[in-house]
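Asker: Provide a 3D model corresponding to the input given below.
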Amino acid sequence: MLRHIEKKKFSAGRIGVGLSHFDENYVLKDADDRFVPGTDGKVQRVRPVSLGERAIGFFSDEIDRLIEQLQKWRDASPLRAPKPAVPIEFHPSRHRKAKQQSGRLSPAAR
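Answerer: So this is what the prediction gives:
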């Protein structure tokens, strides 16, 4: 496998998160906190490589390892249905329907 250094933005994009989230949760900054939060100590953070005064990068094979560990952790976890962002009784479409049925005219019907 070809090993190369990726910039932070590219590495975060490969994982599918933004730069802030990547920096907070996936980048190793402290030797005492080596694991990604919420993975029960199963997924290790990646160690950055200095590319200059302020720029950092990551070895591509370490990002690949991180992705593989996240997949193994996900596959070992029980499948849970995602929580809805808004409880169904408060969903906006239900409120619009209730107002239309209560005798009020919708803005489009006026």
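
Asker: contacting residues for G18?
Answerer: A12 (CB atoms under 8 Å, 6 or more residues apart in numbering). Every C-beta, even on glycine, is put in place using the N, C-alpha and C of the backbone.

Asker: can you give me phi and psi for it?
Answerer: G18 adopts backbone torsions of phi -80, psi 170, taken as degrees, to the nearest 10.

Asker: What distance do you get for it to P82?
Answerer: 19 Å (CB to CB, to the nearest Å).

Asker: quick one: low-confidence ranges for this protein?
Answerer: Residues of the chain that meet the criterion pLDDT under 70 lie in 1, 88, 91-110.

Asker: Show me the helices in this protein, by range?
Answerer: Under the criterion DSSP state H, the chain contains helices at 8-15, 19-25, 60-76, 92-101.

Asker: For the second one, list the C-alpha coordinates in CSV.
Answerer: Once side chains and other backbone atoms are set aside, the C-alpha atoms of helix 19-25 remain, and they are given as CSV (Å, rounded to 0.1, in the frame of the first residue of the first chain):
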residue,chain,number,x,y,z
LEU,A,19,-12.6,20.2,10.8
SER,A,20,-13.6,21.1,14.3
HIS,A,21,-15.2,17.7,15.0
PHE,A,22,-12.2,16.0,13.5
ASP,A,23,-9.8,18.0,15.6
GLU,A,24,-11.8,17.5,18.9
ASN,A,25,-12.5,13.8,18.5
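
Asker: tally of neighbours for E89?
Answerer: Residues near E89, counting by other CB atoms under 10 Å, number 7.

Asker: Actually, P84.
Answerer: A count of nearby residues for P84, using other CB under 10 Å, gives 9.

Asker: Then F22?
Answerer: So F22, with other CB under 10 Å, has 20 neighbours.

Asker: now swap in V43 and tell me
Answerer: Using other CB under 10 Å: V43 sits among 23 other residues.

Asker: again, but for H4
Answerer: Using other CB under 10 Å, H4 is surrounded by 8 other residues.

Asker: and it, what are its phi and psi?
Answerer: Main-chain torsions, H4, degrees, to the nearest 10: phi -140, psi 170.

Asker: So it sits against F58, correct?
Answerer: No. If you go by CB atoms under 8 Å, H4 and F58 don't touch, sitting 10.1 Å apart.
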